[in-house]
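1. how would this look folded up:
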Amino acid sequence: MGREKIREYAAAVGETNPLHLDLDAAKAAGYADLVAPPMFAVVYSAGSVAAGVLDPELGIDLARMLHGSQEFVWGEPVCSGDAVTTTTTVADLYERAGMEFYVFESVSLNQDGQETVRGTWTNIVRTG
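-> Alright, predicted model coming up:
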């Protein structure tokens with residue numbers, strides 16, 4: 001994670017907390033570098049989830065897919081300079097009322113093996 005990417009994201013979402021913008025403020029608060037805003041998790045985890053959504057074995061009809069929901073549980077804050085790795089698994093597949101539900105779970109770990117965020121991503125495919 002780079003400082004400028006964190007600053008750009010913070011600016012794009014209207015984040016004004018100095019921990020995301022000012023290196024001195026972040027260090028004074030005890031962080032090694034700028035702290036990424038929590039929803040920055042989408043930047044480093046969405047690619048892993050997309051690979052699951054696009055997996056030909058699942059056969060998701062993208063033309064009929066809707067975004068259902070996204071839930072996150074945050075752990076260790078992500079700072080500039082961290083190397084974050086995300087893995088995604090299929091957590092659940094079910095059908096209800098003419099719709100297929102594809103639930104993915106992503107787990108992101110920093111370079112020290114600490115969990116930074118766990119995400120649950122639900123996609124709905126209209127079948128009728």
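
2. what's near enough to touch the residue positioned nearest the centre of the chain?
-> By Cα atoms, centre = their mean, the chain has its centre lying nearest to Val42, at 3.1 Å. Listed by Cβ atoms under 8 Å, 6 or more residues apart in numbering, the contact partners of Val42 are Gln70. Glycine gets a C-beta too; all of them are placed from N, C-alpha and C.

3. buried set for stretch 18-38?
-> Judged by neighbour count using 16 or more other Cβ atoms under 10 Å, the buried positions of stretch 18-38 are 18-21, 26, 33-37.

4. What lies in contact with it?
-> By Cβ under 8 Å, 6+ apart, stretch 18-38 touches 1, 3, 6-7, 9-10, 13, 15, 17, 43, 72, 74, 77-81, 117.

5. Give the helix, strand or coil label for the residue nearest to Tyr9 when sequence neighbours are not counted.
-> Excluding its sequence neighbours, the residue lying closest to Tyr9 (Cβ to Cβ, 6 or more residues apart in numbering) is Phe40, at 5.3 Å. Assigned by DSSP: H, G, I helix; E, B strand; the rest coil, the conformation of Phe40 is helix.
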